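S.K.: Generate coordinates for the sequence data below:
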Amino acid sequence: MKKDNRVVMIGVLLSLSLIFAYIEMILPSFLPNPAFKIGLSQIPILLTLYLLDLKSATVVSTGKVLMMSLLFGYFLTYIFFVNIAGAIFSIIFIGLSQYLKFSIPMTSLMSSLGHNLGQFLVIGYTLGWNIALFYLPVIIVFSVLFGLIIGFISQSILTKIEKRI
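M.R.: Next up is the predicted model:
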């Protein structure tokens with residue numbers, strides 16, 4: 001793929017990730033903690049991974065956190081550091097999944113677990129391990145459930161894209 005096309009695709013997928021993150025931010029949460037999200041913004045990140053590469057997915061993932069924090073005024077605040085830790089661990093787990101040649105749903109599940117592990121470590125370190133450990137079982141259940149759902153959705157979208165290419 002030509003470099004110009006890659007830049008455009010990264011821009012489009014980053015924009016989609018921002019839109020999905022914003023939608024999740026404004027929708028009321030039906031989960032036990034309003035901070036828990038389904039992870040819709042992970043779909044464009046997974047699409048970037050499979051359509052381009054891990055480096056591009058890293059740009060989309062970290063770009064989403066950076067741009068959301070700038071747009072909504074929490075750059076370099078506690079929320080920013082929780083979110084960037086989640087993004088970094090998510091990308092590490094995605095890289096591991098790629099190395100182990102996991103399926104798209106399993107890569108998504110690993111990404112979800114990594115994201116929540118990163119957030120868990122920051123929250124545990126800063127607010128106390130009792131608070132973090134209280135939510136750990138719920139976090140794991142939702143990571144697995146929503147990670148697989150997002151993975152199957154991403155796989156379905158990728159299948160449709162590949163048929164058109």
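S.K.: Leaving out chain neighbours, which residue sits closest to the residue nearest to the spatial centre of the chain?
M.R.: For the chain, the residue sitting closest to the mean C-alpha position, by C-alpha atoms, centre = their mean, is residue 42 at 4.0 Å. What sits nearest to residue 42 in space, not counting adjacent residues and going by C-beta to C-beta, 6 or more residues apart in numbering, is residue 150, at 5.1 Å. Placement of C-beta: from N, CA and C, glycine included.
S.K.: ok, the one you found - how many residues close by?
M.R.: 24 (other C-beta atoms under 10 Å).
S.K.: Ramachandran angles for it?
M.R.: When read as degrees, to the nearest 10, the backbone of residue 150 gives phi -60, psi -40.
S.K.: can you pull the contacts of the residue nearest to the centre of the chain?
M.R.: When contacts are counted by C-beta atoms under 8 Å, 6 or more residues apart in numbering, residue 42 touches 17, 90, 108, 111, 112, 115, 150, 154.
S.K.: Pick the one among those residues closest to residue 38.
M.R.: Set against residue 38, the nearest of those by C-beta to C-beta is residue 150 (7.3 Å).
S.K.: That closest one and residue 81: what is the separation?
M.R.: Per C-beta to C-beta, to the nearest Å, residue 150 is found 24 Å from residue 81.
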